[in-house]
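Trainee: have a look at this prediction, sequence included:
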Amino acid sequence: MAQLLIRGLAQLATPAGTDAPLRGADLGRVDVVENAYVLCGDDGRIVATGAMADLGGLDGDVEELDAGGFCAIPGLVDCHTHPAFGGDRVEEFSLRAGGASYEELHAAGGGILSTVRATRAAGEDGLRVAVECHAEWMLRHGTTTWEGKSGYGLDRDTELASLRAVAAAGGVPTWLGAHAVPPEHADADAYLAFALAEVLPQAARIANAADVFLERGAFDAAQARRYLGACAQAGLALRLHGDQFTESGAIPLAIELGARSVDHLEATGPDGVAQLAASEVTGVLLPASALFLGRPMPPGRALVDAGAAVALATDFNPGSAFTTSLPLVCSLAATQLQLSPAEALGAMTVNAAHVLGRGDEVGRLAPGYRADVVLLDAPDWRYLAYHLAGDVVAAVIRDGRVAYRR
Ligand code: NIG
Ligand code: FE
């Protein structure tokens, strides 16, 4: 394999420094090099970056990619997706568009449970095809590292098949064993007894993390503590879906258990903001989900100003956020969460990688980091946020190879 020289970039933009996660003013520090290059090594890592004027002679086999005035940013990191599902929810979407609420549909056996039925029916082969397809959609939007949750199987075989499908498609698998209570169990406690005894031992061999939906109508704080405690014992990192509709104790529980993240936060008030800011837990903001459901946006500006570690993700799923576009999320961060494009970039690269335990390896264009590069068809990298729903991704380089070209 040859080295790859990406030359003739209008700009190279990367979060500054070497730390992860980035907090406060550090989140908005982006280094920009005009008229730049990136040299990717034959080991799939970045060898060097800089201004074209400083590019010396190169040894060995070097393939060249003329970036023709495009801008380079790091490969984007989507740290919260639900790609392992069968079917769709276009019917429910249409009902919601006419006024029905997401929580009402869920309570009536629609919502998540309708996707559980379709996912069980898809079988392992069907799930693999679906996750491969969703991973390809992500790549076309510039995502080179992604997390994928199970959580639409909720029986042993379909949960394990979901985790295997995510791993096979190159994702980082998270066991969302506590997403909803499936109909064959009497209640949440009975379901958790089953999941922890029958699914966790094998799920822990495939997944990197465990996740729970802590919300009225799903799992309460005591049930979430029981589930996450057992998952931690089995060696999994911890994540929580929390404060999506109600503040139900997700932030204190995440802090108590040393979770990697608490995600959603649309309902988080000032006390939650202060608690999260004083902790090591990253707040993952999902503005596409708030937009899709017509819900309030999470307090992004307040969290960053208070010093919290904040990441951004799509929440890609069939019910509450049917999008794989981090560029769209970047635009929403700028227009709805009052984050600057630079803060949004740090939140969907370095800080998202940190949530996945990969902050030292992906998220920056700098020597030693993985050679994951997005080429933007734009004269300024901030078009990533500025071009609302724009078709900005011209090409994606993953591990030093061109993985997608428009
Ligand atoms: O993160 N909130 C819970 N889970 C998903 C949505 C699942 C669904 O509606 O299918 C979320 O928004
Ligand atoms: Fe989610």
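Mentor: Perfect, thanks for sending it. Numbers count the residues shown, from 1 in each chain. Ligands and ions are numbered 1, 2, ... in the order given.

Trainee: residue in the protein nearest to ligand 1?
Mentor: Residue nearest to ligand 1 within the chain: residue 319 (2.5 Å; C-beta to the nearest ligand atom). From N, CA and C alone the C-beta is placed, and that goes for glycine too.

Trainee: that residue and residue 85: what is the separation?
Mentor: 9 Å (C-beta to C-beta, to the nearest Å).

Trainee: repeat that for residue 202.
Mentor: Counting by C-beta to C-beta - residue 202 and residue 85 are separated by 20 Å.

Trainee: with neighbour numbers in mind, choose between these two.
Mentor: The residue with more neighbours, out of residue 202 and residue 85, is residue 85; 27 against 14, by other C-beta atoms under 10 Å.

Trainee: tell me which helix or strand that one sits in.
Mentor: Following DSSP states H and E, one finds residue 85 outside all helices and strands.

Trainee: show me where this protein dips below the pLDDT cut-off.
Mentor: Applying pLDDT under 70 to the chain flags no residue at all.

Trainee: for it, longest strand please?
Mentor: Determined from DSSP state E, the single longest strand within the chain is strand 3-15.

Trainee: packing partners for that strand?
Mentor: With contacts taken as 3 or more C-beta pairs under 8 Å, 6 or more residues apart in numbering; DSSP states H and E, strand 3-15 sits against strand 30-40, strand 46-51, strand 62-66, strand 71-74, helix 341-347, strand 373-376.

Trainee: roughly how far does residue 367 sit from residue 40?
Mentor: Residue 367 sits 11 Å away from residue 40, taking C-beta to C-beta as the criterion.

Trainee: stretch 329-349 close to ligand 1?
Mentor: No - Stretch 329-349 is not in contact with ligand 1 by C-beta under 6 Å from any ligand atom; minimum separation 13.6 Å.

Trainee: quick one: buried residues of that stretch?
Mentor: Judged by neighbour count using 16 or more other C-beta atoms under 10 Å, the buried positions of stretch 329-349 are 329-334, 336-337, 339-349.

Trainee: for it, measure first residue to last.
Mentor: Taking C-alpha to C-alpha, to the nearest Å as the measure, stretch 329-349 stretches 13 Å from start to finish.

Trainee: for that stretch, the distance to its chain's centre please.
Mentor: 14 Å (C-alpha atoms, centre = their mean, to the nearest Å).

Trainee: buried residues in the longest helix along the chain?
Mentor: Among the segments of the chain that qualify as a helix by DSSP state H, the longest is helix 111-140. Residues of helix 111-140 classed as buried by neighbour count (16+ other C-beta under 10 Å): 111-116, 118-120, 122, 126-128, 130-131, 134-135, 138-140.

Trainee: and for stretch 150-157?
Mentor: Within stretch 150-157, the residues scored as buried using 16+ other C-beta under 10 Å are 150, 151, 152, 153, 154, 155.

Trainee: and for stretch 89-103?
Mentor: 89, 92, 96, 102.

Trainee: residues touching that stretch, excluding its own?
Mentor: 105, 110, 111, 114, 115, 217, 245, 293, 318, 319, 320, 322 (C-beta atoms under 8 Å, 6 or more residues apart in numbering).

Trainee: what is the nearest of the residues you listed to residue 1?
Mentor: For the contacts of stretch 89-103, the closest approach to residue 1 (C-beta to C-beta) belongs to residue 322, at 36.8 Å.

Trainee: that closest one: what's it in contact with?
Mentor: 88, 89, 93, 292, 316.

Trainee: could you redo those as JSON lines and give each row distance to residue 390 and secondary structure?
Mentor: Listed next are those as JSON lines, based on distance: C-beta to C-beta, whole Å; DSSP: H, G, I helix; E, B strand; the rest coil:
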{"residue": "88", "distance to residue 390": "25", "secondary structure": "coil"}
{"residue": "89", "distance to residue 390": "26", "secondary structure": "coil"}
{"residue": "93", "distance to residue 390": "23", "secondary structure": "helix"}
{"residue": "292", "distance to residue 390": "19", "secondary structure": "helix"}
{"residue": "316", "distance to residue 390": "19", "secondary structure": "strand"}
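
Trainee: mind checking what secondary structure residue 274 has?
Mentor: State at residue 274, reduced to three classes by DSSP: H, G, I helix; E, B strand; the rest coil: helix.

Trainee: got a list of what residue 24 touches?
Mentor: Residue 24 sits next to 304, 305, 307 when contact means C-beta under 8 Å, 6+ apart.

Trainee: alongside ligand 1, which residues does the stretch 301-406 of the chain contribute?
Mentor: With C-beta under 6 Å from any ligand atom as the criterion, the stretch 301-406 of the chain comes near ligand 1 at residues 315, 317, 318, 319, 320.

Trainee: by neighbour count, which of the residues you listed wins?
Mentor: residue 315 (27 neighbours).

Trainee: that one contacts residue 79, doesn't it?
Mentor: No - using C-beta atoms under 8 Å as the test, residue 315 is too far from residue 79 to be in contact (10.1 Å).

Trainee: for ligand 1, what are the nearby residues on this structure?
Mentor: Checking the chain against ligand 1 by C-beta under 6 Å from any ligand atom, the hits are 82, 111-112, 115, 213, 241, 244, 289, 315, 317-320.

Trainee: which parts of the stretch 201-350 of the chain are helices?
Mentor: With DSSP state H, counting those that start in this stretch, the ranges of helices along the stretch 201-350 of the chain come out as 221-233, 250-257, 270-277, 287-293, 300-306, 326-336, 341-347, 350-355.

Trainee: ok, and the closest non-adjacent residue to residue 128?
Mentor: Nearest residue to residue 128, sequence neighbours excluded (C-beta to C-beta, 6 or more residues apart in numbering): residue 165, at 4.7 Å.
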